[in-house]
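**Student:** Starting from these lines, generate the structure:
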Amino acid sequence: MKTITKLAAAALLSAATLAVTATSASAYIACNREGVCWHVHDRYAYRAEYGVVIHPDNWRWRARDHYVFRDHEGRGYWRNGIWITF
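**Tutor:** Residues are numbered from 1 along each chain as shown. Below you'll find the model as predicted:
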C-alpha cells in the first residue's frame with residue numbers, strides 16, 4: 001500500500017511541476033493610430049509609416065481612450081478599416 005501511495009504522490013508532483021513550468025503562447029496587442037487594435041503572436045517590426053504600436057498582452061486602455069478590437073488571422077495591419085497583409 002505504501003508503494004502505491006508513493007507512486008501516486010510522485011505522479012501528482014510530476015503533473016503539478018509540468019503544469020507550473022508550461023509556458024503559454026506569447027502574444028502582443030498591436031494598435032494603429034486610428035484606434036484599432038488586434039492580437040499578434042510575434043513582435044513584428046512594423047514600418048514607422050504604418051503607425052502601429054505594440055503593447056504587451058496584458059495592456060489595457062484607459063477609460064477615456066477610444067480603441068476597438070478587430071482581430072484578424074495572419075500577418076498584417078489595419079489601415080482605414082482594411083486589413084493589409086504583408
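**Student:** Spell out the residue ranges of the strands in the chain.
**Tutor:** 28-31, 36-40, 53-56, 68-69, 76-79, 82-85 (DSSP state E).
**Student:** I'd like those strands written out as TSV, with distance to Arg47 added.
**Tutor:** In short, each C-beta sits where N, CA and C put it, glycine included. Converted to TSV, the strands of the chain look like this (distance: least, CB to CB, whole Å):
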stretch	distance to Arg47
strand 28-31	13
strand 36-40	15
strand 53-56	13
strand 68-69	22
strand 76-79	9
strand 82-85	11
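**Student:** In TSV, list those strands along with mean neighbour count.
**Tutor:** Below are the strands of the chain laid out as TSV (neighbours: other CB atoms under 10 Å):
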stretch	mean neighbour count
strand 28-31	19
strand 36-40	19
strand 53-56	13
strand 68-69	10
strand 76-79	19
strand 82-85	11
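**Student:** Pipe those strands into CSV and attach distance to Tyr46 and mean pLDDT per row.
**Tutor:** Putting these into CSV (distance: least, CB to CB, whole Å; pLDDT from 0 to 100) gives the following:
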stretch, distance to Tyr46, mean pLDDT
strand 28-31, 7, 95
strand 36-40, 9, 94
strand 53-56, 8, 94
strand 68-69, 18, 94
strand 76-79, 6, 94
strand 82-85, 11, 94
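**Student:** which residues of the chain fall in helices?
**Tutor:** Using DSSP state H, the helices of the chain run over residues 2-21.
**Student:** and the closest residue to Tyr50 other than its chain neighbours, bridged to which residues?
**Tutor:** Using CB to CB, 6 or more residues apart in numbering and skipping residues adjacent in sequence, the residue nearest Tyr50 is Tyr77, 5.4 Å away. Bridge pairing for Tyr77 (DSSP bridges) gives the partners Ile84.
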